[in-house]
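**Student:** Next come a sequence and a model predicted from it.
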Amino acid sequence: MPAAARQAFVGLGANLGDRGATLRAALDALRKTPGITLVEPSAIYETAPVGLTEQPLFLNLVAGLETTLEPAELLPVLHQLERAAGRRRAEEIRWGPRTLDLDLLLYEGVTSNGPELILPHPRMWDRAFVTVPLRELIERSRRFQRPIWAEARARLASAAESPDVILWTAPKR
């Protein structure tokens, strides 16, 4: 019997190259991943960098997933998508520029404090580039109204807006 699909949220960000195309390609790749049955993205937001501030602006979004992959199976998928987009974790500066950043933020029914994976993501509640798109997605989508997300909805309701997180409109081509 196949495993039941559970919901998860993934943060996506990019600030090098064609940021919008990179995020769209990552979403398409997630949709094609065996074991991921749904990918529903938030809107895309342009955001100021955190940590190392002397770098290009980021584009960020949050994608809600339904998946039969366990967190330990999903994380390597995310890392492979980063590598396919040109990210080299071993060579980069912490909080520096990147072609693609994928973070597993929340996974239905799972908390973890391991060396490879911490769930919920340890800094997500302090980062408007995560909370703003996550709140928008959870409020907009009926799919993510499960009782398991009640605590997240409550935390997001009190999360501050930020002038550094602005709804992005793709340039006309």
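**Tutor:** Sure, I can see it. Residues are numbered from 1 along each chain as shown.
**Student:** Next, the closest residue to A84 other than its chain neighbours: phi, psi?
**Tutor:** Among residues not flanking A84 along the chain, A29 sits closest, at 7.2 Å (C-beta to C-beta, 6 or more residues apart in numbering). Bear in mind the C-beta positions are built from the backbone N, C-alpha and C, glycine included. Main-chain dihedrals, A29, degrees, to the nearest 10: phi -70, psi -40.
**Student:** Tell me what the residue nearest to the spatial centre of the chain is bridged to.
**Tutor:** A centroid search over the chain (C-alpha atoms, centre = their mean) returns G11, at 0.9 Å, as the residue closest to the centre. Beta-bridge partners for G11, by DSSP bridges, are V62, D103.
**Student:** surely it meets L59?
**Tutor:** No. Between G11 and L59 there is no contact under C-beta atoms under 8 Å: 11.6 Å.
**Student:** Pull the number of nearby residues for the residue nearest to A84.
**Tutor:** Using other C-beta atoms under 10 Å, A29 has 17 other residues around it.
**Student:** sorry, back to before: how much space separates the residue nearest to the centre of the chain from T131?
**Tutor:** Here G11 is placed at a distance of 10 Å from T131 (C-beta to C-beta, to the nearest Å).
**Student:** again, but for A63
**Tutor:** 15 Å.
**Student:** what stretches of the protein score poorly on pLDDT?
**Tutor:** 1-2, 173 (pLDDT under 70).
**Student:** Tell me who's in contact with the residue nearest to the centre of the chain.
**Tutor:** Applying C-beta atoms under 8 Å, 6 or more residues apart in numbering to G11 gives the contacts 60-62, 101-103, 105, 121, 124, 129-130, 133-134.
**Student:** With respect to E82, which of these is nearest?
**Tutor:** Of all the contacts of G11, L102 has the smallest distance to E82: 5.7 Å, by C-beta to C-beta.
**Student:** what helix or strand does the residue nearest to P120 when sequence neighbours are not counted sit in?
**Tutor:** Nearest residue to P120 in three dimensions, chain neighbours excluded: L106, at 5.2 Å (C-beta to C-beta, 6+ apart). Using DSSP states H and E, L106 maps to strand 101-107.
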